[in-house]
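Trainee: Okay, here's the prediction I keep looking at, along with the sequence it came from:
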Number of protein chains: 2
Amino acid sequence: MAFDMLANFRDDLPAAPGAWAEPPDFAFVGGHNDPESIPFTGLAEAAVTVLRREGRNLATYNLGGSPQGYLPLREFVMSGLGARAGMTGSPDQVLIVSGSLQALDLVNQAMLSSGDTVLIEMATYGGMVSRLERLGVKYVGIELDDHGIVPAALRATLADLAATGVTPKYLYTIPTVQNPTGSVLPTERRREILDIAREFGVPIFDDECYADLTWGCERPPSFRALDGDRGQVIYCGSFSKSIAPALRVGYIIADEPVIQQLLALKTDAGTGALEQLTLAEYAPTHFDDHVEQLMVALQTKCDAMVSAVKEHFGDAVHVTEPLGGIYCWLTFPEGTDTASFAAAAAAEGIEFNPGAGWSADPEWGKRRLRLCFGQAAPDTIRAGVAKLAEVCRNNGVLSS
Amino acid sequence: MAFDMLANFRDDLPAAPGAWAEPPDFAFVGGHNDPESIPFTGLAEAAVTVLRREGRNLATYNLGGSPQGYLPLREFVMSGLGARAGMTGSPDQVLIVSGSLQALDLVNQAMLSSGDTVLIEMATYGGMVSRLERLGVKYVGIELDDHGIVPAALRATLADLAATGVTPKYLYTIPTVQNPTGSVLPTERRREILDIAREFGVPIFDDECYADLTWGCERPPSFRALDGDRGQVIYCGSFSKSIAPALRVGYIIADEPVIQQLLALKTDAGTGALEQLTLAEYAPTHFDDHVEQLMVALQTKCDAMVSAVKEHFGDAVHVTEPLGGIYCWLTFPEGTDTASFAAAAAAEGIEFNPGAGWSADPEWGKRRLRLCFGQAAPDTIRAGVAKLAEVCRNNGVLSS
């Protein structure tokens, strides 16, 4: 008789994902990027150069260096990427992580216990919402307008919580190329929000993983830059969006004692060295030019998607005009449930993110949806959006 | 006034590791490997070839394929590495993980709750002991002899536990090139142990991460191979020991529903694609030859270390003669505490693993220690061992 291994597993595990299926024709989900913009030739050259020079060091965990990550990569993160967000500091304030999702996991593991409360943006990254759910952490969504968090709403929520004796463990924010709305929080609002966070003693967990792809305005300084040496902000970023998502390299920037404490929770014996070496060799001389070219390609796709949504969905649906990134956010008329036509869309080869999963309040989010334009070619985007509008009409969501 | 971020952290976190320091002259700790044997030229060629061919796929998470990992790599794991351990199966039974430490974390997360009991080997991997401590899981050590687990001791422990109503969640074993003793469990004993595990309904968690480096005997079939389709074994392995530890690529082999459930806990959006691509391109044509050459180098280092221990420590200390891998295990006279001279050794530039941390019972382990020979050159090994013996004599551990 066979042994029932799964009967020996915990009974509170998330459901298994089920068999993997080929992506559909119109995959408007996921943080995928433009295949034509992957700098694989430059990455290959960098890999060869650095392996010839330092390949022997692969024999030692962490390449014989600090478990915080390969020093030249931490130097580039601080002086190259940090500078883009107005930050200065030392590579000792950088922890290289295995994708920015590991940054979320490490910070959550360090800060959160079941029953805690955190603040998130009303529309936010779905992977953070699902993480908080699994941890048994309560989350309160803060109102967003076209520029991001509304400071008065943040203050009101914090005052309400304070009246019940609750200080949120952090404010999780994606201020620059907000996920999913694509907005960029203006500098002055960042200062206001930082003041409020200081007043209420709430840490800011600043996720700028899309921020290197800001094209619609000047990129403001990050919360951590504005905070100076006050220590109220933990910052994270990623190479997934600027170079390639299948590379799993992200980073946390925070004060050194915070980095050290997070490092104690990083039990993977280091982030993959070949990816760190290759990025550190490639990025200092290529990153800026590459991102410039990538943004041109993404902006073309963005325009294709936004104009197709306007053309095919008309006035009934509001679509954001993202200032960067790889997604736009659609709002349907009151009473719509975008999950209701997800299966019909899937049958036509279209995948999108229903808004309920991308929102602090599923009721608020359910008439919304996220469409990603990073991966598909402009013609595919236009065809898919037209088809999605047809699905909506066939399902009574849009009038014919 | 600065904000105290750490005051907002949980109060049950492991201690921060403290500032990183350059490795000492005689680094006999850690799973490091032979720098002269890293096949960096072959890896570079593989990286170039595969990036030219499939580089565009980096634009998509998981290279556009299953989150279980890059299919050609899973195929090699099953038909190349699995075959070395007598296993057959499909790539659907393989989950690529970010180093075999992630395998430990995923299996523990799936199976263990605070207060549970597991069985480990009396001497075992220190990183597993510290993980179990953090999880609040009780562990019972099973007696080892020169060949590994003593079946009668396993049966006696299981019977004792059963009498108190306890079924251990798993037996964690490193049967092939046991860490730290370097023994290899004979096939017949594996069958006995599997029979006992079946009788008591205990899953086997089979860690063969050093097993590709078996040179002192023929490699026996793994527990999973012997188990056939009975489903009682979760197997894990790694490229860290056979190729390079700074690459973070390991794998789990188990029945598909088990793999799917573990996948639901893998929240890192995939293991680094550049490392998966490069290994999958390199390994099918180079792995066997590379490992043959690596084992010659390691065996030379092993001989250097074992003979130096015998020469400088004499009869007072017993040293194992490993059948593979990168470490040997020393047993000092009753009453010795090997941690007592760790600081004196460090002052002489020598690092070793005191046995208490590598043992189910620190009292049992404290007269033991682990010395790794993978990284240092043979002359360095001989010099370091001589110096360690001198430290022991100076500290009254060995008679002068």
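Mentor: Looks like it arrived, so ask away. Numbers count the residues shown, from 1 in each chain, chains lettered A, B, ... in the order given.

Trainee: After the biggest helix by length in chain A, which helix or strand is next? Please name it.
Mentor: Determined from DSSP state H, the single longest helix within chain A is helix A:273-313. Scanning forward in sequence from helix A:273-313 by DSSP states H and E, the next helix or strand is strand A:318-319.

Trainee: ok, and what's touching that next one?
Mentor: Contact with strand A:318-319 is made by A:306, A:309, A:310, A:313, A:328, A:329, A:330, A:331, as judged by Cβ atoms under 8 Å, 6 or more residues apart in numbering or on different chains. For the C-beta atoms, the positions are set from N, CA and C on the backbone; glycine is no exception.

Trainee: Let me know whether my guess that the fifth one is in a helix holds.
Mentor: No. Assigned with DSSP: H, G, I helix; E, B strand; the rest coil, residue A:328 falls outside any helix and is strand.

Trainee: Make sure it is actually in contact with residue A:307.
Mentor: No. Under the criterion of Cβ atoms under 8 Å, residue A:328 makes no contact with residue A:307, lying 10.8 Å away.

Trainee: So for these two, which sits in the more crowded spot?
Mentor: residue A:328 (22 against 14; other Cβ atoms under 10 Å in any protein chain shown).

Trainee: so what pLDDT did that one get?
Mentor: pLDDT for residue A:328: 98.

Trainee: Identify the residues contacting it.
Mentor: A:180, A:182, A:302, A:305-306, A:309, A:319-322, A:370-371, A:373.

Trainee: So what pairs up with it in the strands?
Mentor: Note on residue A:328: beta-bridge partners by DSSP bridges are residue A:371.

Trainee: Now do it against residue A:378, distance only.
Mentor: 14 Å (Cβ to Cβ, to the nearest Å).

Trainee: just to revisit the earlier point, report all helices and strands that the longest helix of chain A contacts.
Mentor: Helices and strands touching helix A:273-313, as assessed by 3 or more Cβ pairs under 8 Å, 6 or more residues apart in numbering or on different chains; DSSP states H and E, comprise helix A:40-54, helix A:71-76, strand A:318-319, strand A:327-331, helix A:378-394, helix B:40-54, helix B:273-313.

Trainee: out of these, deepest packed?
Mentor: strand A:327-331 (a mean of 23; mean count of other Cβ atoms under 10 Å in any protein chain shown).

Trainee: got the CA coordinates for it in PDB?
Mentor: Output of strand A:327-331 as PDB, limited to C-alpha atoms (Å, rounded to 0.1, in the frame of the first residue of the first chain):
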ATOM      1  CA  TYR A 327       0.600  48.000 -16.300                       C
ATOM      2  CA  CYS A 328      -2.500  50.100 -16.400                       C
ATOM      3  CA  TRP A 329      -5.500  50.000 -14.100                       C
ATOM      4  CA  LEU A 330      -9.100  50.000 -15.400                       C
ATOM      5  CA  THR A 331     -12.200  51.100 -13.400                       C
END
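
Trainee: Out of the contacts of residue A:328, flag the one nearest to chain B.
Mentor: Using Cβ to the nearest Cβ, residue A:373 comes nearest to chain B of the contacts of residue A:328, at 12.8 Å.

Trainee: can I get the contacts of residue A:328 in CSV with distance to residue A:117 and pLDDT?
Mentor: Converted to CSV, the contacts of residue A:328 look like this (distance: Cβ to Cβ, whole Å; pLDDT from 0 to 100):
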residue, distance to residue A:117, pLDDT
A:180, 23, 98
A:182, 27, 98
A:302, 35, 98
A:305, 36, 98
A:306, 36, 98
A:309, 36, 98
A:319, 32, 98
A:320, 28, 97
A:321, 33, 96
A:322, 30, 98
A:370, 25, 98
A:371, 31, 98
A:373, 34, 98
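
Trainee: which residue packs closest to residue A:74, ignoring adjacent ones?
Mentor: residue A:91 (3.7 Å; Cβ to Cβ, 6 or more residues apart in numbering or on different chains).

Trainee: check contacts around the one you found.
Mentor: Neighbouring residues of residue A:91 by Cβ under 8 Å, 6+ apart: A:68, A:71, A:74, A:75, A:77, A:78.

Trainee: give me that answer again for 6 Å
Mentor: Contacts for residue A:91 (Cβ atoms under 6 Å, 6 or more residues apart in numbering or on different chains) come out as A:74, A:75, A:78.

Trainee: Give the helix, strand or coil label for the residue lying closest to residue A:111 once chain neighbours are set aside.
Mentor: Once flanking residues are discounted, residue A:111 sits nearest to residue A:169: 5.1 Å by Cβ to Cβ, 6+ apart. Following three-state DSSP, residue A:169 is assigned to coil.

Trainee: What's the separation between the closest residue to chain B within the stretch 51-200 of chain A and residue A:63?
Mentor: In the stretch 51-200 of chain A, the residue that lies nearest chain B is residue A:55 (2.5 Å; Cβ to the nearest Cβ). Look at residue A:55 and residue A:63: by Cβ to Cβ, they are 10 Å apart.

Trainee: Check residue A:207 too.
Mentor: Counting by Cβ to Cβ, the gap from residue A:207 to residue A:63 is 27 Å.

Trainee: what about those two, which has more around it?
Mentor: For residue A:207 versus residue A:63, neighbours defined as other Cβ under 10 Å are more numerous around residue A:207 (26 against 21).

Trainee: residues touching residue A:139, list them.
Mentor: Residues near residue A:139 by Cβ under 6 Å, 6+ apart: A:118, A:120, A:132, A:360.

Trainee: one step back: any chance of the helices and strands packed on helix A:273-313 in CSV with distance to residue A:152 as columns?
Mentor: Output for the helices and strands packed on helix A:273-313, formatted as CSV (distance: least, Cβ to Cβ, whole Å):
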stretch, distance to residue A:152
helix A:40-54, 46
helix A:71-76, 38
strand A:318-319, 22
strand A:327-331, 22
helix A:378-394, 35
helix B:40-54, 50
helix B:273-313, 44
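
Trainee: Relative to residue B:350, which of those is closest?
Mentor: Among the helices and strands packed on helix A:273-313, helix B:273-313 comes nearest to residue B:350, with 12.4 Å by Cβ to Cβ.

Trainee: Could you name the helices and strands sitting against the host helix or strand of residue A:190?
Mentor: Assigned by DSSP H and E, residue A:190 belongs to helix A:187-200. Judged by 3 or more Cβ pairs under 6 Å, 6 or more residues apart in numbering or on different chains; DSSP states H and E, helix A:187-200 is in contact with helix A:151-163, helix A:223-227.

Trainee: Adding distance to residue B:283 and mean pLDDT, write these out as TSV.
Mentor: Shown next, in TSV, are those (distance: least, Cβ to Cβ, whole Å; pLDDT from 0 to 100):
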stretch	distance to residue B:283	mean pLDDT
helix A:151-163	52	98
helix A:223-227	41	98
